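[1] model this:
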Amino acid sequence: MLLLMIYLIIWGAWIAVVYLCAKTAMRKGRSPVLWAILGVLFPVISLIAVHLLPAAGPNSNDRGRSAPARSHQHQAPARPSTPRQKPRPHRGQEVPALLDGNKRDD
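    A predicted model of the protein is given here:
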């Protein structure tokens, strides 16, 4: 019974180290999946390594090479500058007839 308790404590500590590796990697802008796998294989070493790593910059990926920043949101193209238009009337307001002078009598 004592052996089973020791086994469960070690297993629980191992899972905690894997979780801490992934959580720290995510906080520092690194790949949490990669660091969780490293935490499974090398628990103590990977936990120390991920804590010592600097935070990844906005233009760098997990391998340390410079990469262009990726935006997952679509950005609309810049609108060309045009002269200011008259404001449109709101619903319920009366709209003046635009073609009053061009009426045809049939």
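
[2] which SSE is residue 38 in?
    helix 32-41 (DSSP states H and E).

[3] for that helix, packing partners?
    helix 2-27, helix 43-52 (3 or more CB pairs under 8 Å, 6 or more residues apart in numbering; DSSP states H and E). Yep, even glycine has a C-beta here, placed from its N, CA and C like the rest.

[4] what would the ones you listed look like in CSV with mean neighbour count, mean pLDDT and distance to residue 35?
    Shown next, in CSV, are the helices and strands packed on helix 32-41 (neighbours: other CB atoms under 10 Å; pLDDT from 0 to 100; distance: least, CB to CB, whole Å):
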stretch, mean neighbour count, mean pLDDT, distance to residue 35
helix 2-27, 14, 93, 4
helix 43-52, 15, 92, 5
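
[5] what's near enough to touch residue 44?
    Residue 44 is in contact with residue 17, counting by CB atoms under 8 Å, 6 or more residues apart in numbering.

[6] And it, how far from residue 38?
    Distance of residue 44 to residue 38, given as CB to CB, to the nearest Å: 11 Å.

[7] pLDDT of the helix holding residue 38, averaged?
    Helix 32-41 shows a mean pLDDT of 93.

[8] What are the buried residues along it?
    Neighbour counts over helix 32-41 (16 or more other CB atoms under 10 Å) mark 32, 35-36, 38-39 as buried.

[9] one step back: of all the helices and strands packed on helix 32-41, which one comes closest to residue 85?
    helix 2-27 (47.2 Å; CB to CB).

[10] is it possible to export the helices and strands packed on helix 32-41 to a markdown table including distance to residue 85?
    Listed next are those as a markdown table, based on distance: least, CB to CB, whole Å:
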| stretch | distance to residue 85 |
| --- | --- |
| helix 2-27 | 47 |
| helix 43-52 | 55 |
